[in-house]
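**Student:** sequence and predicted structure are below.
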Amino acid sequence: MKKHRYRAMVLALLIVGVSMVLLVGSMPVLAEEKEASATEEILQILKDKGEISDAQYDALKEKAAAEQSDWNVRWKDGLRVEKKDGSIKTRWGGRIQLDWATISADDDFEAALNEAGESGTLDGTGVEFRRLRLFTSGTLYDKVGYKLQVDFAGNTVATKDAYIDYLKAPFVGKIRVGQFKEPFSLEEITSSKYITFMERALPVLAFAPSRNTGIAIGNKAFNDRLKWDLGYFYNTDDAGESFTDFANENLTARLAGAPWFRDESHLLHVGLGYTHQFRDENDENSTLRYRARPEAHMTSVRLVNTDRFNAGGADLINPELAVVFGPFSFQGEYFWVNTDAPDVDDPTFTGWYAYGSWFITGESRTYKGFKFDRVKPNNNFNIGEPGWGAFELALRYSSLDLTDGAVEGGEEQNITAGFNWYLNPSSRIMLNYVLADLQNRADVPDDDTNIIQARFMVDF
Amino acid sequence: MKKHRYRAMVLALLIVGVSMVLLVGSMPVLAEEKEASATEEILQILKDKGEISDAQYDALKEKAAAEQSDWNVRWKDGLRVEKKDGSIKTRWGGRIQLDWATISADDDFEAALNEAGESGTLDGTGVEFRRLRLFTSGTLYDKVGYKLQVDFAGNTVATKDAYIDYLKAPFVGKIRVGQFKEPFSLEEITSSKYITFMERALPVLAFAPSRNTGIAIGNKAFNDRLKWDLGYFYNTDDAGESFTDFANENLTARLAGAPWFRDESHLLHVGLGYTHQFRDENDENSTLRYRARPEAHMTSVRLVNTDRFNAGGADLINPELAVVFGPFSFQGEYFWVNTDAPDVDDPTFTGWYAYGSWFITGESRTYKGFKFDRVKPNNNFNIGEPGWGAFELALRYSSLDLTDGAVEGGEEQNITAGFNWYLNPSSRIMLNYVLADLQNRADVPDDDTNIIQARFMVDF
Amino acid sequence: MKKHRYRAMVLALLIVGVSMVLLVGSMPVLAEEKEASATEEILQILKDKGEISDAQYDALKEKAAAEQSDWNVRWKDGLRVEKKDGSIKTRWGGRIQLDWATISADDDFEAALNEAGESGTLDGTGVEFRRLRLFTSGTLYDKVGYKLQVDFAGNTVATKDAYIDYLKAPFVGKIRVGQFKEPFSLEEITSSKYITFMERALPVLAFAPSRNTGIAIGNKAFNDRLKWDLGYFYNTDDAGESFTDFANENLTARLAGAPWFRDESHLLHVGLGYTHQFRDENDENSTLRYRARPEAHMTSVRLVNTDRFNAGGADLINPELAVVFGPFSFQGEYFWVNTDAPDVDDPTFTGWYAYGSWFITGESRTYKGFKFDRVKPNNNFNIGEPGWGAFELALRYSSLDLTDGAVEGGEEQNITAGFNWYLNPSSRIMLNYVLADLQNRADVPDDDTNIIQARFMVDF
């Protein structure tokens, strides 16, 4: 039996198993009675006082009930239409992120990188839409959830979240199938709407598997102080698709907790992620590659890049740490990647980053669902009463080493200074300065790159 | 005068003619008066009892009327906002269909198919998004309808329904211009949300013209027991576009009826479709091609394929038959394609399929608008009270013969066993096993392909 | 210091300056008190009459207030959800434009154009979707606006409007960043939903910069009789992106006013647009190109085309004139383009158009925001009482000269006759006849092209 078919059967059994768990847990839920509305109570009073007859009362009560809508509509981080009993929820929204950047690099350095296979301009100035997204998500008939999110930046379609949930599974919490982020790296699973710098840190860009298509389960434990996640994913292309006759899957797990938690803005977070990337050493189409842009997306040039190499797999380990204490916060992660790739001497790659942030205006980063969430300024810019929004200063150091064994992908150290201006809960202007230092990449001289970049963003 | 200009004029006259019919039928419609609300009736009572003065009554009545919204909002198979008088309706929704499949085929067989021009992997395992769609549809100012539906699967844009309706035309019922499905084949015009198996049957995949851009009319007759449809279409590309100096059109008609109809789930359906495909024998760019994937979309390999051949046109005839009797149903169609293609000896192609389905849990397939519609489980999975959703078993045989004259496209017979689990009216998990048997294709050995595939779907 | 970095700094300073203006102008806004609802007033009456106790009154009043929604929902040229206090507004909509055309041109003429680099069919008949768009726009927290609009026609993504506004900036009115239309040419900035002919006039197609990514400010003055706009844009690709190490920007301004204004349909409009296109004479990748399709989009062949030529920049000047007098209107613009391109002898290009329109049924073109807006028929087609919608006849002459210096791009004169049928405010059927006459293009014979085209459109 071919291996891909064998693994397919294992996956099928897993799905059947999960379905069983889910069936076993089927439990009755009682329907709630509706509360009387103000108009219904007025009718009751008029009847009690003898102002209206019983027949009038009954007819009017029925009419008043029929007039009452079962649905709530509002905008809150998206247009929301929700049935009052909570059984149906639907939401439509999106985001715009517009970047401006100027990047300074030596002509010789740029030429050497182009020569080494990194096509595109490194030294230049310009604009791009970093993200242009629409999404819809919701809950249907109490227990099934969905999300479909598409990105249109660069005039291409990029399917982002596209999944179906069974929301209330016994023991395993939520069962999700589709394309979504593998549970790996605090920075990666924090939405691009909420990250502190314009781009995630170098090792996150290089190592986090991000979105793939698969199945995952996850639940909270110990009084909601701990969360575990476990998923099995195909290593899909950008469209969430993979169809091969060789191994091309990831098994990923994350354990995260808050050993100290006073409130959403005073806490200690620790986490540990692990992923095994199954590949096929005997199939030349089965490869690994790790690379990263210099924490600036405007250029498509990667300063560090292992290029594709044939491999039998890799193990990634990722400890996380974060502290929030009012307006001050700290966050850091380490990444250790151990490959099984005899052709290139089984290289080991590592990386880490650490950063601190300070809200001058006193707000806090918000911690929710074991990752970071939306910052809400104490005063919106210029609304209600004189307000300036929220101001945040941040400083990050990140390091990535992709040179090991027979692979000379380069070593990069970046220092990033960031300033964020939150105009209101949905709008932010970001300004970043990045100094990117490259060393030890094959056929490329060691050199620095200077980046100034700004982002205008809104999510709606 | 060139032919394409001549046909253009005929089409223009047809449009003018239809416009005339439409104008002649202009008829007045009377506005309805609004019913008093419960609050308005309470005010009336208070006034009658002398609790409020006439002036108070008038002021409060006006205020109460102004407070009442003219609009209804809810989610029902899409977010719906509708004016209470019915003159404006708008709806936003979409669907997610995620497939997993494992396909087993001999390496030699796959290699021979690749050699024969069918690129892609046949033997493999993987996942893909079969459909990722958003749509909006509605009615504007009582008589104009629209729909725009776009598919994003595979990170490409595929325009699906994109049309404008004049909804209340005298005699001809509805006039539709734009891209939509030609009225041909019961299985084809039944939405992918409601078909019984994951993929439509072989001859439907090969022969049904599906969506093209054109103009169509259609109406019901004989107490709504019969429906006729007639359309004239450009044989457009996937984007609904065609601009040529040769004949490239289809004239398509369908007649469908329910000679026996007790209710939506007890009936006999018969139908007859016909399409003439106008092509230009004297222009080498004018061709026909019929082909089909093996009732699995994961692979892009077609087991049967006539390839493109120059032709002057083709006639397609398609009788339909379906019976629903409670939880049991049967459906079958025959296809007969007679080409006018002297270069390849005017080949004739045929195909047919037949299947039966049984709802173990007692539900029925639903018949609506002379095609099949949404299945609603008697009990949603695990909602309200212990429920399992609906379970359906189905078995299909399909046959397609694309070898005739000088064309050796192959003969394929498929047997498909299917299991459907409807969790609720919007969510379904499907499991299909397909045995596909190929014979008589030029340069390809006769061989079997085994397919196991599953689909997770939700429409919202 | 490299030039692109220097210009980047100037832009950064400009953004900082604008931010300062914006901060200085921060002003308090008072929250409004909610008016009592009809139910609340009824409760007041019942309390005054002694029918209910004070406690009952308080409880019921609170309940009635909670029952009242803060949100309005309706469809009006888009689905709109708006908070009653106006602080949040969101809108979702789109448009469908389906074209049919037949184009007649000599085979020799078509062949010569193909030879000259204009690929595609000129002589043919067919259909295409001219525009298939979805958009969402809104206001968030009173002062931030956004719009995201995407076009899917041709099964490609084309980002259209994608911007963020600061809505209430002191002095400068509105600050907009993102991709949007440069403020240049009355015809160009009038939405494709509202233009009189199917395609804009030749010189508008050739010269108007249309959408680019940048920053702009603009405000009204002199009792709203005058409007000024000023913007700085990157000359971006279709996706709104540009990243270069050479000059590639536009500085664009427009001044528009209504010296005579009786009402929306009786007025005189004058305007003056100016744009300087910064390019880099010393970089071979920095070029200009002006070209236009023959006022028909079905063919991709341009009759006139300068092709790309290296240039240091260009100045464009554009005076506008329009008169509306009830059902009659006149509109015209002149374009003067002076290039700095020594390699091709600094050519000067010009163009102009003028047209008149007459509503047989008595409606008017609507003037709003110093451009043209939606036409509303006096009677919708066949709604309420017998109505035919609105009928409009129009005639246009347009002229474009792209032959000067060493550039022989051709001279084109078009005559267009148009008929519009507005079924209701959202639906229109258009019919155009275009006679296009080409002269003096290098290697292409002088010849005429005849075009008949129709459009079916709806916006929702």
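**Tutor:** Great, that's in hand.
**Student:** make sure residue A:43 is indeed in a helix.
**Tutor:** Yes - the assignment for residue A:43 by DSSP: H, G, I helix; E, B strand; the rest coil puts it in a helix.
**Student:** so how many other residues sit close to it?
**Tutor:** Using other Cβ atoms under 10 Å in any protein chain shown, residue A:43 has 26 other residues around it. C-beta coordinates here come from the backbone N, C-alpha and C atoms, glycine included.
**Student:** same check on residue A:274?
**Tutor:** As a burial measure, residue A:274 scores 15 neighbours (other Cβ under 10 Å).
**Student:** is it true that it lies in a strand?
**Tutor:** Yes - assigned with three-state DSSP, residue A:274 falls within a strand.
**Student:** what sits closest to it if chain neighbours are left out?
**Tutor:** Closest residue in space to residue A:274, ignoring its immediate chain neighbours: residue A:253 at 5.3 Å, by Cβ to Cβ, 6 or more residues apart in numbering or on different chains.
**Student:** ok, now which ones touch that neighbour?
**Tutor:** A:183, A:228, A:229, A:230, A:231, A:273, A:274, A:275 (Cβ atoms under 8 Å, 6 or more residues apart in numbering or on different chains).
**Student:** need the residue closest to the centroid of chain A.
**Tutor:** Nearest residue to the geometric centre of chain A (Cα atoms, centre = their mean): residue A:189, 3.4 Å.
**Student:** and that one, its phi and psi?
**Tutor:** Dihedral angles of residue A:189 (phi, psi; degrees, to the nearest 10) stand at phi -80, psi -10.
**Student:** wait, it touches residue A:371, no?
**Tutor:** Yes - taking contacts as Cβ atoms under 8 Å, residue A:189 lies within contact range of residue A:371: 5.1 Å.
**Student:** what's the spacing between residue A:349 and residue A:138?
**Tutor:** 40 Å (Cβ to Cβ, to the nearest Å).
**Student:** more neighbours, these two?
**Tutor:** residue A:349 (26 against 22).
**Student:** show me the contacts for the nearest residue to that one once chain neighbours are set aside.
**Tutor:** Nearest residue to residue A:349 in three dimensions, chain neighbours excluded: residue A:337, at 4.3 Å (Cβ to Cβ, 6+ apart). Residues near residue A:337 by Cβ under 8 Å, 6+ apart: A:207, A:290, A:314, A:315, A:316, A:348, A:349, A:350.
**Student:** what residues of the host helix or strand of residue A:228 count as buried?
**Tutor:** Assessed by DSSP states H and E, residue A:228 sits inside strand A:226-234. Within strand A:226-234, the residues that count as buried by 16 or more other Cβ atoms under 10 Å in any protein chain shown are A:227, A:228, A:229, A:230, A:231, A:232, A:233, A:234.
**Student:** name the SS class of residue A:64, please.
**Tutor:** With three-state DSSP as the criterion, residue A:64 was assigned helix.
**Student:** from chain C, how far out is residue A:350?
**Tutor:** Distance, residue A:350 to chain C, using Cβ to the nearest Cβ, to the nearest Å: 31 Å.
**Student:** what's near enough to touch that residue?
**Tutor:** A:203, A:334, A:335, A:336, A:337, A:400, A:401.
**Student:** change it to 7 Å
**Tutor:** By Cβ atoms under 7 Å, 6 or more residues apart in numbering or on different chains, residue A:350 lies in contact with A:335, A:336, A:337, A:401.
**Student:** tell me the pLDDT of the nearest residue to the last one once chain neighbours are set aside.
**Tutor:** This means residue A:401. Counting by Cβ to Cβ, 6+ apart, residue A:411 is the residue found nearest to residue A:401 once chain neighbours are left out, at 4.8 Å. We note a pLDDT of 98 for residue A:411 in this prediction.
**Student:** now swap in residue A:90 and tell me
**Tutor:** Residue A:90 is assigned 97 on the pLDDT scale.
**Student:** partners of the helix or strand in which it is found in the sheet?
**Tutor:** Per DSSP H and E: residue A:90 is located in strand A:89-104. Paired strands of strand A:89-104, with direction, are strand A:79-83 (antiparallel), strand A:124-140 (antiparallel), strand A:447-459 (antiparallel) (DSSP bridges).
**Student:** give me the buried positions along the longest one.
**Tutor:** Going by neighbour count (16+ other Cβ under 10 Å), the buried part of strand A:124-140 is A:124-140.
**Student:** residues in contact with the residue in the stretch 351-460 of chain A that chain C sits nearest to?
**Tutor:** Closest approach between the stretch 351-460 of chain A and chain C, counting by Cβ to the nearest Cβ: residue A:424, at 4.0 Å. Residues counted as contacts of residue A:424 (Cβ under 7 Å, 6+ apart) are A:377, A:380, A:381, A:383, A:389, C:140, C:141, C:144.
**Student:** in CSV, list those along with distance to residue C:107 and secondary structure.
**Tutor:** Below are the contacts of residue A:424 laid out as CSV (distance: Cβ to Cβ, whole Å; DSSP: H, G, I helix; E, B strand; the rest coil):
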residue, distance to residue C:107, secondary structure
A:377, 67, coil
A:380, 65, coil
A:381, 63, coil
A:383, 65, coil
A:389, 65, coil
C:140, 57, strand
C:141, 61, coil
C:144, 56, strand
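**Student:** next one: stretch A:400-420 to chain centre, how far?
**Tutor:** From the chain centre to the centre of stretch A:400-420 is a distance of 22 Å (Cα atoms, centre = their mean, to the nearest Å).
**Student:** same check on stretch A:254-271?
**Tutor:** Worked out by Cα atoms, centre = their mean, stretch A:254-271 lies 18 Å from the chain centre.
**Student:** and stretch A:274-282, by the same measure?
**Tutor:** Taking Cα atoms, centre = their mean, one finds stretch A:274-282 lying 23 Å from the centre of the chain it belongs to.
**Student:** contacting residues around it?
**Tutor:** A:182, A:184, A:209, A:235, A:246-253, A:286, A:288, A:310-317.
**Student:** please repeat the previous calculation with a cut-off of 6 Å.
**Tutor:** Stretch A:274-282 has contacts (Cβ atoms under 6 Å, 6 or more residues apart in numbering or on different chains) with A:184, A:246-247, A:249-253, A:286, A:311-317.
**Student:** just the buried positions in it, please.
**Tutor:** Here stretch A:274-282 shows A:275, A:277, A:278, A:279, A:280, A:281 as buried, counting by 16+ other Cβ under 10 Å.
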